[in-house]
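Novice: just coords:
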């Protein structure tokens, strides 16, 4: 069951806080993943357009 700290009420709504989320106010995209036992997590990006973005 998802926690209410993530502003979701069930596991079926995790898409609201996991994965890529764009914030219009900051004009930034965050990517969240839950993988507590993972040794590594890979994020593979494709380039669209001419702008380059920094991953911090």
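Specialist: Alright, I've got the coordinates. These numbers come from a predicted model, not from an experiment. Residues are numbered from 1 along each chain as shown.
Novice: contacts and neighbour counts: CA atoms only from here.
Specialist: Noted.
Novice: Helices of the protein, start to end?
Specialist: Under the criterion DSSP state H, the chain contains no helices.
Novice: how about low-confidence regions in it?
Specialist: 1-9, 47-56 (pLDDT under 70).
Novice: can you rerun that using 90?
Specialist: By pLDDT under 90, the low-scoring segments of the chain are 1-24, 26-36, 38, 40-56.
Novice: ok, now how distant is residue 31 from residue 44?
Specialist: Separation of residue 31 from residue 44 (Cα to Cα, to the nearest Å): 11 Å.
Novice: Which residue of those two possesses the greater neighbour count?
Specialist: Each of residue 31 and residue 44 has its neighbours counted (other Cα atoms under 10 Å); residue 31 has more, 11 against 5.
Novice: Quick check: residue 18 touching residue 30?
Specialist: No: with contact defined as Cα atoms under 8 Å, residue 18 does not count as touching residue 30 (9.2 Å).
Novice: and for these two, which residues touch both?
Specialist: Counting by Cα atoms under 8 Å, 6 or more residues apart in numbering, residue 18 and residue 30 have no shared contacts at all.
Novice: Surely residue 29 and residue 18 touch.
Specialist: No: counting by Cα under 8 Å, residue 29 does not reach residue 18; the two are 11.7 Å apart.
Novice: Spit out the contact partners of the closest residue to residue 23 other than its chain neighbours.
Specialist: Of all residues not flanking residue 23 in the chain, residue 29 sits nearest, at 6.1 Å (Cα to Cα, 6 or more residues apart in numbering). Residue 29 is in contact with 20-23, counting by Cα under 8 Å, 6+ apart.
Novice: Make a markdown table from the residues you listed and add neighbour count and distance to residue 36 to it.
Specialist: Shown next, in a markdown table, are the contacts of residue 29 (neighbours: other Cα atoms under 10 Å; distance: Cα to Cα, whole Å):
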| residue | neighbour count | distance to residue 36 |
| --- | --- | --- |
| 20 | 13 | 18 |
| 21 | 14 | 20 |
| 22 | 12 | 24 |
| 23 | 10 | 25 |
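Novice: With that, I have no additional questions.
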